[in-house]
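J.: next comes the sequence, and after it the predicted model I'd like to discuss.
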Amino acid sequence: MRTISKALLTFFVVLCTAGHSFAQSPLISLESATSASTTAISTTFNHAEDTLKKQFEIKKMSFPPREMYVRSFKYDRELEVWVRYDDTSSFQLFKTYKVCMQSGTMGPKRMQGDYQVPEGFYYINEFNPNSNYHLALGLNYPNTSDKIVSDSLHLHPGSEIYIHGDCVSTGCIPISDEPIEELYLLASFVKTQGQDYIPVHVFPVRYDVPKSVEYLDQTTKNNKALQQFALTLKSAFDYFQLNKQLPVIMIDKRGQYVINN
């Protein structure tokens with residue numbers, strides 16, 4: 001088995017000893033980590049790296065990619081990983097993972113404790129190898145849109161939304177243990193190559209699946225605000241489907257997403 005590089009392993013050791021905040025992690029060398037923890041980290045990520053390399057090879061795609069983009073579909077319980085190799089090329093679909101547990105229903109998350117999976121446009125802002133759910137990638141929920149809208153409704157939006165292992169959900173996106181190992185490692189690779197903001201777009205449904213759209217229409221038929229919100233997300237989905245490039249997404253003073261197609 002190929003031994004993971006010392007530089008990348010140092011990166012993982014930094015993560016594992018840094019608690020919750022990636023951005024505030026102190027630099028910790030391999031020499032300061034215990035032999036047991038270093039071996040455990042190395043074993044986990046060597047296995048994930050070998051698995052990823054084989055999958056990329058089968059798809060005739062280079063490994064590692066330079067950038068990645070994640071999109072998740074609540075009703076369809078799918079999480080897609082797209083990759084590309086420079087700033088101007090189109091994204092290519094690498095893999096679709098199953099979301100093994102779902103909580104809440106259609107619509108964005110607006111308050112703490114509602115067990116709702118957020119909908120909207122986020123990025124990975126935390127690497128947590130000490131998660132109670134094996135490994136976890138944190139999302140920057142609540143984002144600016146969530147904060148503005150929740151504040152206008154006099155609600156506390158909550159926090160701590162993750163893509164993680166295991167198979168439980170109280171508003172997070174669980175994909176079980178082996179898939180999160182792959183996703184965590186892939187995110188680590190692109191981050192070390194300079195992708196500071198790994199986008200994660202969470203949609204209520206796959207807008208290209210009639211059965212899913214029918215379900216969305218049924219559950220939002222009496223709520224015009226949710227209908228409009230779903231249409232706004234759909235415009236971002238449609239743009240990416242057509243161009244395999246990310247749309248420009250802005251937020252107006254009311255906290256509403258504005259998709260620049």
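T.: Ah, there it is.
J.: okay, Leu186 and Gly194: tell me how far apart.
T.: Distance of Leu186 to Gly194, given as Cβ to Cβ, to the nearest Å: 15 Å. Backbone N, C-alpha and C define where each C-beta goes, glycine included.
J.: could you check which of those two has the larger neighbour count?
T.: A direct count of neighbours by other Cβ atoms under 10 Å for Leu186 and Gly194 places Leu186 higher, at 24 against 8.
J.: the host helix or strand of that one: what's the following helix or strand?
T.: Assigned by DSSP states H and E, Leu186 belongs to helix 177-192. As assigned by DSSP H and E, the chain's next helix or strand after helix 177-192 is strand 199-203.
J.: that following strand: how far from the chain's middle?
T.: Mean-position distance between strand 199-203 and its chain equals 7 Å (Cα atoms, centre = their mean, to the nearest Å).
J.: ditto for stretch 66-79
T.: For stretch 66-79 - counting by Cα atoms, centre = their mean - the centre lies 7 Å from the chain centre.
J.: start and end of that stretch, how far apart?
T.: 19 Å (Cα to Cα, to the nearest Å).
J.: center of this protein, which residue is that?
T.: Val200 (4.4 Å; Cα atoms, centre = their mean).
J.: where along the protein do the strands fall?
T.: Taking DSSP state E to define them, one finds strands in the chain at 67-73, 78-84, 92-98, 120-128, 136-139, 162-164, 173-174, 199-203, 248-251, 257-260.
J.: how far does the third one sit from the chain's center?
T.: So that's strand 92-98. The answer for strand 92-98 is 12 Å, by Cα atoms, centre = their mean.
J.: which other helices and strands does that strand contact?
T.: The elements that strand 92-98 packs onto, with contact taken as 3 or more Cβ pairs under 8 Å, 6 or more residues apart in numbering; DSSP states H and E, are helix 35-58, strand 78-84, helix 177-192.
J.: worst mean pLDDT among those?
T.: For the helices and strands packed on strand 92-98, mean pLDDT drops lowest on helix 35-58, to a mean of 81.
J.: closest one to Asp208 among the helices and strands packed on strand 92-98?
T.: strand 78-84 (11.7 Å; Cβ to Cβ).
J.: re earlier: helices or strands up against the helix holding Leu186?
T.: helix 6-16, helix 35-58, strand 67-73, strand 78-84, strand 92-98, strand 120-128, strand 136-139, strand 162-164.
J.: for the record, mean pLDDT for the first one?
T.: Same thing as helix 6-16. 42.
J.: cool, the last one as well?
T.: Confidence for strand 162-164, expressed as mean pLDDT, is 97.
J.: tabulate the strands of the chain (JSON lines), appending distance to Ala230.
T.: Formatted as JSON lines, the strands of the chain follow (distance: least, Cβ to Cβ, whole Å):
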{"stretch": "strand 67-73", "distance to Ala230": "12"}
{"stretch": "strand 78-84", "distance to Ala230": "17"}
{"stretch": "strand 92-98", "distance to Ala230": "21"}
{"stretch": "strand 120-128", "distance to Ala230": "11"}
{"stretch": "strand 136-139", "distance to Ala230": "19"}
{"stretch": "strand 162-164", "distance to Ala230": "22"}
{"stretch": "strand 173-174", "distance to Ala230": "18"}
{"stretch": "strand 199-203", "distance to Ala230": "9"}
{"stretch": "strand 248-251", "distance to Ala230": "15"}
{"stretch": "strand 257-260", "distance to Ala230": "11"}
